[in-house]
Every structure is written in structure tokens, then in C-alpha cells.
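Visitor: Have a look; sequence and predicted model below, questions after that.
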Amino acid sequence: MIKSLSLLTRKPGMTHEQFVKHWLEVHGPLARKVPGLRRYVQSHILEERTRPDIPSTDVEIDGVAELWRALATPEAKALYADGALFIGRIKSFTIEEKEIVPRRG
């Protein structure tokens, strides 16, 4: 399955809580209106996990968005335009999932 994976960082001057509220309450409903969108997942960062044996990267992330196939429709354009209101920086990738352990129950 091909999808888009984006690492999101909030705009300067915005708190993490403000970012999450807009992302969930405004941006999420806009995604529901996009025709042809197969799936959209918001992964909200709760805490950063570190390992003593591997150094952490110097990247601040407020959330991870996964989007499966969005068509170039007016609704998709509205979704992307809204992103500019609360996302300060973004790093997006087109990825292909390789399921190693399938979902259970």
C-alpha cells in the first residue's frame, strides 16, 4: 500500500496543545470531506522515547500524519490550505508499507 507519511512541527508561537486541538478539531473534519481519501491517521506525540545505545536525532515533532490516496479535489485543496494555518514545518515522504506483523484483533 502506497501512502504519504508526514512529520509535523507546529508554527512558532503555538503551543503543542493548540497544535493538537486545531489538528484534531479543525483539520480532521476537513479530511473526512475529501473524496477518494482511503484512510487518514493522526498520530499524536505523547512523549519522546530515547535509547542509551543510540543517539536521538535533533528533530522536534508534534505529530505524524498518514494519508492514503487523496485526489486533487477542492476538498483536498482546503485540507492542504488549512495545514498552512498551524503547521510550521513538515517533512513528507511517499512510502510503501511492508507489513511484518499483521494487525491483531
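Guide: On my side now, so go ahead.

Visitor: Report the central residue of this structure.
Guide: Central residue of the chain (Cα atoms, centre = their mean): Ala65, 1.6 Å from the mean position.

Visitor: Make sure it is indeed in a strand.
Guide: Yes - assessed by DSSP: H, G, I helix; E, B strand; the rest coil, Ala65 belongs to a strand.

Visitor: Which strand residues bridge it?
Guide: Taking DSSP bridges as the rule, Ala65 bridges to Ser6, Gln42.

Visitor: Was I right to think it contacts Ile45?
Guide: No - using Cβ atoms under 8 Å as the test, Ala65 is too far from Ile45 to be in contact (11.7 Å). Any C-beta I mention is one placed from the backbone N, CA and C, and that applies to glycine too.

Visitor: Got the confidence number for Ser56?
Guide: Looking at Ser56, its pLDDT stands at 90.
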